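*Asks:* Quick one, structure for this:
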Amino acid sequence: MRQLRSSLPVVGFVVAALLHASAAAAQIPLDEYAERRAALADRIGAGVVIAFAAEGTEGHPFRYLTGLRGGDGVLVMAAEDGRTSEMIFLDARDFQAASWDGETLSPEAASAQLGLQGRDLQDLPAAVSQLFERHGTLHVLAPYDPTATVLSPAAQRLRALLALHPSVQVRNAATEVNTLRQIKSEAELDLIRKAAEITAEAHRDIMRMMRPGLNEFEVAALAEYTFLRYGAEGPSFNHIVASGPNSTVLHYNDNDRFIDEGVLVKMDIGASFEGYAADITRTIPANGRFSADQREIYQIVRDAQAAAEAVARPGAPRAGLSDAANRVLAEGLARVGLIEAPDASYDCATGGGIGECPQLRLFYFHALGHGIGLNVHDPWPSTLEVGSAFTIEPGIYVRPALLETLPETPANRSLIEAIRPAFERFSGIGIRIEDDFLITESGLERISPVPRDIDEIEALMAEPWEGPSPRRDDIVEWSRAGVN
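*Replies:* Below is the predicted model:
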């Protein structure tokens, strides 16, 4: 990415994703972006708002408010007495720069395509100074710590701007924009569906290809190939392809182990389509058939997911989904002997010494799910509403070294002795099943059409692998409409 010609930060709603303005407009109407900015202005009240066009999470508010992806740019918005003014500052690049890095959206084109006043990025300092003469408050949409010694590029620009205006009060408006992002529009839900369908296509081909002797990176490569081939921007997060004992690691990213006979392979992958993320996990047997022990643990996880789905509906507290899954997981772990009882505890290390923790957390130590959207972990409401988009992903992970990590106490010694036979039986098995869901007027909608029941998985894995599946015309049609 080229550097900003000015080192000053961005004020207002930052709009800097220059490369795909027309593509974004093809998917989400421009009026919707204007409505988002207006809604944020209503929440904030008076002042100037800043959002940065940046890579990573700092760039998500910018893209949410403008539809632009990547590049250099700033959207500045000033709100007062119910009225707002909006300007987008972009790099007016010369011919030589474009020869090196390609054409980007010009300020003049931005005015026509986005309905925003486009201005040269070099005009930003003077324009911001004029705004600060009338407004004493600056609202930023990314974390900012004025005492930090290590700053992101966006924070560096913000610090440089504030150095010229030390009397300006800085407030973080991330909460306001995150609240707006909790509920997705119909256009957003459609993009998430498309990201999930592309991801599902990758999972299905992986199941056909899977066999002992492959390397994890070959599986990751097929996933990425499928994403790009169907018009996705790429993965929405780093691929997780974890075989054998690697499957017991929550976020394993090395993806470089050869896949042995008889092991499980956990694949947590997700495509990003027009910026919107999918996140689907499947755990499958390398040789196409679950062993008896693998089946037993897998079914507990699958039943826990089904229990959470059964209570997911408009108006349901998301904590209720976790409660439902936790009950099934705890009962299943107790039944197979990995914990002493569904409500049993163990001695765990705490900040103040030794405390009590649920034995369930020895084998299931993450949240049940998360929101999905522009970020693979997007904001979502505490009570499900129409427009909620989220995952449900219970898991069980029998880490081989787990018992060695427990604090040395009489209670833990007794626990280890009681569960050791089951632990040795299931050691090295890690299973997660993750699907993507939407809440619509009709209720819960699962949008990740990948086999997840044991018989379905084994049936698909029995199909011959003859290379990547022929490209589906239906996916190609809408991906071209949005991307090319």
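*Asks:* Can you show me the strands along the stretch 201-350 of the chain?
*Replies:* 234-235, 240-243, 264-269, 271-273, 276-277, 280-285, 345-350 (DSSP state E, counting those that start in this stretch).
*Asks:* Tabulate those (CSV), appending mean pLDDT and mean neighbour count.
*Replies:* To be clear about C-beta, it is placed using only N, CA and C from the backbone, and glycine gets the same treatment. Putting the strands of the stretch 201-350 of the chain into CSV (pLDDT from 0 to 100; neighbours: other CB atoms under 10 Å) gives the following:
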stretch, mean pLDDT, mean neighbour count
strand 234-235, 96, 16
strand 240-243, 98, 26
strand 264-269, 98, 26
strand 271-273, 97, 28
strand 276-277, 98, 30
strand 280-285, 98, 24
strand 345-350, 95, 16
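*Asks:* Which of these sits closest to Ala422?
*Replies:* Comparison of these against Ala422 by CB to CB identifies strand 345-350 as nearest, at 14.8 Å.
*Asks:* mind listing what's buried in the helix or strand following that closest one?
*Replies:* Toward the C-terminal end, the helix or strand that comes next after strand 345-350 (DSSP states H and E) is strand 353-358. For strand 353-358, a neighbour-count test (16 or more other CB atoms under 10 Å) marks Pro358 as buried.
*Asks:* Other residues contacting strand 353-358?
*Replies:* With CB atoms under 8 Å, 6 or more residues apart in numbering as the test, strand 353-358 has contacts from Ala330, Asp343, Ala344, Ser345, Tyr346, Asp347, Cys348, Ala349, Pro407, Thr409.
*Asks:* who does it pair up with?
*Replies:* Using DSSP bridges, strand 353-358 pairs in its sheet with strand 345-350 (antiparallel).
*Asks:* distance between the strand it pairs with and the chain's centre?
*Replies:* Averaged C-alpha coordinates place strand 345-350 at 31 Å from its chain's average position (CA atoms, centre = their mean, to the nearest Å).
*Asks:* returning to what we had before: tell me which of the strands of the stretch 201-350 of the chain lies nearest to Asp436.
*Replies:* strand 280-285 (6.2 Å).
*Asks:* report the angle between the axes of that closest one and strand 264-269?
*Replies:* Relative orientation of strand 280-285 versus strand 264-269 (axes from the mean of the first three to the mean of the last three CA atoms, to 10 degrees): 160 degrees.
*Asks:* Quick one: residues in contact with strand 280-285.
*Replies:* 196, 199-200, 203, 207, 210, 240, 247, 262-270, 291, 294, 298, 393, 430-436, 448, 450-452, 457-458, 461.
*Asks:* got it, and stretch 291-308?
*Replies:* Under the criterion CB under 8 Å, 6+ apart, residues 262, 264, 283, 285, 290, 321-322, 324-329, 332-333, 336, 368-369, 392-396, 398, 425-426, 429, 431-433, 435, 452-454 lie in contact with stretch 291-308.
*Asks:* quick one: which helix or strand includes the residue nearest the centre of the chain?
*Replies:* Note on the chain: the residue nearest the mean C-alpha position is Val376, at 0.7 Å, using CA atoms, centre = their mean. Per DSSP H and E, Val376 falls between elements, in no helix or strand.
*Asks:* my guess is it contacts Pro235, does it?
*Replies:* No. Judged on CB atoms under 8 Å, Val376 makes no contact with Pro235 at a distance of 9.1 Å.
*Asks:* by contact count, what packs against the one helix or strand Leu161 maps to?
*Replies:* Leu161 is part of helix 153-164 when elements are defined by DSSP H and E. Counting by 3 or more CB pairs under 8 Å, 6 or more residues apart in numbering; DSSP states H and E, the packing neighbours recorded for helix 153-164 are strand 47-52, helix 124-134.
*Asks:* which residues touch the very next helix or strand once past the shortest one?
*Replies:* I take that to be strand 47-52. Going down the chain from strand 47-52, the next helix or strand is helix 60-66, by DSSP H and E. For helix 60-66, contacts defined as CB under 8 Å, 6+ apart pick out 13-17, 33, 36-37, 40, 51-54, 68-69, 73, 75, 88, 114, 116, 141-142, 174, 177, 180-181, 275, 374-375.
*Asks:* tell me the mean pLDDT over helix 60-66?
*Replies:* Helix 60-66 carries an average pLDDT of 91.
*Asks:* Phi and psi next, for the residue located most distally from the centre of the chain.
*Replies:* The outermost residue of the chain, judged against the average C-alpha position, is Pro410 (41.6 Å), by CA atoms, centre = their mean. Per-residue torsions, Pro410: phi -60, psi -40 (degrees, to the nearest 10).
*Asks:* now the helices and strands packed on helix 153-164 as CSV including mean neighbour count?
*Replies:* What follows is those, written out as CSV (neighbours: other CB atoms under 10 Å):
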stretch, mean neighbour count
strand 47-52, 29
helix 124-134, 17
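*Asks:* between those, which gets nearest to Gln156?
*Replies:* Among the helices and strands packed on helix 153-164, the nearest to Gln156 by CB to CB is strand 47-52 (10.4 Å).
*Asks:* so what does the closest one touch, helix or strand wise?
*Replies:* For strand 47-52, the packing partners by 3+ CB pairs under 8 Å, 6+ apart come out as helix 60-66, strand 73-80, helix 124-134, strand 137-140, helix 153-164.
*Asks:* Let me know which of those is tucked in deepest.
*Replies:* helix 60-66 (a mean of 27; mean count of other CB atoms under 10 Å).
*Asks:* Ile259 contacts Asn246, doesn't it?
*Replies:* No. Using CB under 8 Å, Ile259 is not in contact with Asn246; the gap is 9.7 Å.
*Asks:* joint contacts of the two?
*Replies:* What both Ile259 and Asn246 touch, as defined by CB under 8 Å, 6+ apart, is the set Glu216.
*Asks:* for Arg229, what are its contacts?
*Replies:* Pro468, Arg471.
*Asks:* Okay, it and Leu214: tell me how far apart.
*Replies:* Arg229 is 20 Å from Leu214, where distance means CB to CB, to the nearest Å.
*Asks:* now swap in Glu404 and tell me
*Replies:* Taken as CB to CB, the span from Glu404 to Leu214 is 31 Å.
*Asks:* higher neighbour count, those two?
*Replies:* Comparing Glu404 with Leu214 by other CB atoms under 10 Å, the one with more neighbours is Leu214, at 18 against 8.
*Asks:* where does the more buried one fall, phi/psi-wise?
*Replies:* Torsion angles, degrees, to the nearest 10, at Leu214: phi -70, psi 160.
*Asks:* Now that we're looking at the nearest residue to it once chain neighbours are set aside, what pLDDT does it have?
*Replies:* In this structure, Leu214 finds its nearest non-sequential neighbour in Ile259, 5.0 Å apart by CB to CB, 6 or more residues apart in numbering. Model confidence at Ile259, given as pLDDT, is 98.
*Asks:* got a list of what Ile259 touches?
*Replies:* By CB under 8 Å, 6+ apart, the contact set of Ile259 is Met210, Arg211, Pro212, Gly213, Leu214, Asn215, Glu216, Val219, Ser243, Gly244, Val265, Ala286.
*Asks:* Swap in 10 Å and give it another go.
*Replies:* 210-216, 218-219, 241, 243-244, 246, 265, 286-287 (CB atoms under 10 Å, 6 or more residues apart in numbering).
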